[in-house]
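Colleague: Sequence isn't available, so here's the structure alone:
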DNA sequence: GGCCAACCTTGACCCAGATCAAGCGCGAAC
DNA sequence: GTTCGCGCTTGATCTGGGTCAAGGTTGGCC
């Protein structure tokens, strides 16, 4: 199972609408005040680039709403999405200069940012923030490595099922689950973005989505609205061991 | 270019033969003494498993000599190597329970370990250790994501060239470089292990190695001893932008 | 020295997924 | 309402790398 960071009961970062789980989860009120000082919001339109690979990145922060993706590109234009940032996910590299990959707004996007320099200072003075970020980063590393298995060894159908599983899981943690087993969500990605994440072409994504629909693993209303009648079935299609899914 | 953690001028962890760059890089003598208390060595034979995925991992540590690999396996036996640990690389998940993947000794292996519980305690009292580990983990995350591009979008030939580039680079940092441009090293991996790392079959690895040899990109003496007459050429074959390699 | 077992190479064939190409559906602009 | 364009689907064909199979090489062990 993909070990996406799961939302723990989070602490609101003062009045911030998004819970900075990484940063604020264990902060005292005065620490939150310090963070409040260096906090600001940024909005992006779908398709806009937040930072280019290699550019200086003068902030760290969290996604408030919308979706951002981390993308790597080769000179000849081949691209691979290396991370998907959903609301509450953390972006940034405290202690590191420059972005390692493009950060792109996949949908309209609002981010809550902290200026990097003073944030690093606060981190020095507030050890548990570094601790929390370390835990978060280890989780991201796990997720990235799990995704390496998807990219390196899974078939196209398994790749699609894996992606749908992740989105279903992340979505389920945000919404009250009315009907356990069944999951309904809107795909926040175009077929092309899915292809970029899965190391496939958009045609293959489209074909496999049709196949999963034909075989009753998913239902589609329009192109984006997905119903998963049986999550276990979807996980089996993803080739993951099923226990993991049940446990998580 | 793959952003493998580069060895910075490291601080020896007391008499430890290996430089724990992650842990000890900025430690004061008394901090090193505390680490010394909870330090021990472990040896493994090639092929032995250090920890199984999911098992409790009661230590963190560094590779002293030999190579360990992080491996994920599906029920049907498909495996994907998700990390390669060379001497001085750090293993472990402070603040996290259980291993997320198998850790396997690819060659004979010596590790220098710290007991996890007391290590975490030291980390709480020594903020710069957490900071340093965070930086390290961010670098590993970068490397993992760079590898996702390799797995998702590169051809077999580019994959092989990418792997050889990494090993050449890591090796160059350990050995005095007599002849810049030319690099010589012993492949520490079997064809099968290379295949597991690259998401290929061992036959394809073998064919592409032969092809690179035929085309003069590499020379082979025996199966393992590799000479790279022109590193830039190899980097081009890897499909990386060449500047990165030169800059690094 | 001779045998055996890993490890590796090479060939022949096949298939999953890429590529090329045509057309559909639907919302936005006029 | 018509047109345009984007996102998506589907079909036909091609091909890189997988699969299956047959040796070759090398080094350890008796």
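Modeller: Good, I have the coordinates. Because the structure is predicted, anything quoted here is derived from the model rather than measured.
Colleague: Tell me where chain A has strands.
Modeller: Assigned by DSSP state E, the strands in chain A fall at A:39-44, A:49-51, A:59-65, A:68-73, A:79-85, A:90-91, A:102-105, A:109-115, A:183-186, A:219-221, A:225-228.
Colleague: Quick one, which of the ones you listed gets closest to residue B:143.
Modeller: Residue B:143 lies closest to strand A:79-85 among the strands of chain A, at 11.1 Å (Cβ to Cβ). For every residue, glycine as well, the C-beta is placed using N, CA and C.
Colleague: same for the closest one, what does it pack against?
Modeller: Packing partners of strand A:79-85 (3 or more Cβ pairs under 8 Å, 6 or more residues apart in numbering or on different chains; DSSP states H and E): strand A:68-73, helix A:127-153, helix A:191-198, helix B:127-153.
Colleague: wait, which of these is closest to DNA strand D?
Modeller: Counting by Cβ to the nearest atom of the strand, DNA strand D lies closest to helix A:191-198 out of the helices and strands packed on strand A:79-85; the figure is 3.7 Å.
Colleague: what does that closest one contact?
Modeller: A:69, A:71, A:79-81, A:84, A:106, A:150-151, A:156, A:159-160, A:162-163, A:187, A:189, A:200-202, A:204-206, A:209, A:223, B:152 (Cβ atoms under 8 Å, 6 or more residues apart in numbering or on different chains).
Colleague: tell me which parts of chain A are close to DNA strand D?
Modeller: Residues of chain A found near DNA strand D (Cβ under 7 Å from any atom of the strand) are A:190-192, A:202-203, A:205-207, A:209-210, A:220, A:223-224.
Colleague: Please list only the buried members of the contacts of helix A:191-198.
Modeller: Among the contacts of helix A:191-198, those classed as buried by 16 or more other Cβ atoms under 10 Å in any protein chain shown are A:69, A:71, A:79-81, A:84, A:106, A:150-151, A:156, A:159-160, A:162-163, A:187, A:189, A:200, A:204-206, A:209, B:152.
Colleague: Domains in chain A, by residue range?
Modeller: Domain assignment for chain A by automatic domain parsing gives A:21-150, A:155-247.
Colleague: Please tabulate those domains in TSV and include mean pLDDT as additional columns.
Modeller: As requested, the domains of chain A are arranged in TSV below (pLDDT from 0 to 100):
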stretch	mean pLDDT
domain A:21-150	90
domain A:155-247	88
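Colleague: Just say which of those is most tucked in.
Modeller: Stretch with highest mean neighbour count among the domains of chain A: domain A:21-150 (a mean of 19; mean count of other Cβ atoms under 10 Å in any protein chain shown).
Colleague: spatially speaking, which residue is in the middle of chain A?
Modeller: residue A:85 (3.0 Å; Cα atoms, centre = their mean).
Colleague: my read: it touches residue A:64, true?
Modeller: No - with contacts defined as Cβ atoms under 8 Å, residue A:85 does not count as touching residue A:64, sitting 10.9 Å away.
Colleague: what's near enough to touch residue A:97?
Modeller: A:56, A:57.
Colleague: how near is it to residue B:166?
Modeller: Counting by Cβ to Cβ, to the nearest Å, the gap from residue A:97 to residue B:166 is 22 Å.
Colleague: Also residue A:226?
Modeller: Relative to residue B:166, residue A:226 is positioned 38 Å away (Cβ to Cβ).
Colleague: List the single closest residue to residue A:129 in space, sequence neighbours excluded.
Modeller: Counting by Cβ to Cβ, 6 or more residues apart in numbering or on different chains, residue A:129 lies nearest to residue A:123, which is 5.1 Å off, once chain neighbours are set aside.
Colleague: let me redo that: residue A:93
Modeller: residue B:138 (5.3 Å).
Colleague: cool, residue A:52 as well?
Modeller: In this structure, residue A:52 finds its nearest non-sequential neighbour in residue A:102, 5.7 Å apart by Cβ to Cβ, 6+ apart.
Colleague: give me every residue that touches the one you found.
Modeller: Contacts of residue A:102 (Cβ under 8 Å, 6+ apart): A:49, A:51, A:52, A:53, A:70, A:71, A:72, A:73.
Colleague: and which of these is nearest to chain B?
Modeller: Nearest to chain B, judged by Cβ to the nearest Cβ, of those is residue A:72 at 4.6 Å.
Colleague: can you pull the contacts of that closest one?
Modeller: Residue A:72 touches A:53, A:79, A:80, A:81, A:82, A:101, A:102, B:145, B:146, B:148, B:149, counting by Cβ under 8 Å, 6+ apart.
Colleague: how much space between residue A:147 and residue A:140?
Modeller: From residue A:147 to residue A:140 the distance is 10 Å (Cβ to Cβ).
Colleague: what's the answer for residue A:58, then?
Modeller: From residue A:58 to residue A:140 the distance is 21 Å (Cβ to Cβ).
Colleague: go on, residue A:189?
Modeller: Distance from residue A:189 to residue A:140, by Cβ to Cβ: 19 Å.
Colleague: again, but for residue A:221
Modeller: 33 Å.
Colleague: Now do stretch A:118-137: distance from first to last residue.
Modeller: Start-to-end span of stretch A:118-137 (Cα to Cα, to the nearest Å) is 20 Å.
Colleague: Could you do stretch A:225-240 as well?
Modeller: End-to-end distance (Cα to Cα), stretch A:225-240: 24 Å.
Colleague: Check whether it comes near chain B.
Modeller: Yes - with Cβ under 8 Å from any Cβ of the partner chain as the measure, stretch A:225-240 is seen reaching chain B through residue A:239.
Colleague: From the chain's centroid, how far away is that stretch?
Modeller: 19 Å (Cα atoms, centre = their mean, to the nearest Å).
Colleague: how about it, does it reach DNA strand C?
Modeller: No - Stretch A:225-240 stays clear of DNA strand C (Cβ under 7 Å from any atom of the strand), getting no nearer than 11.2 Å.
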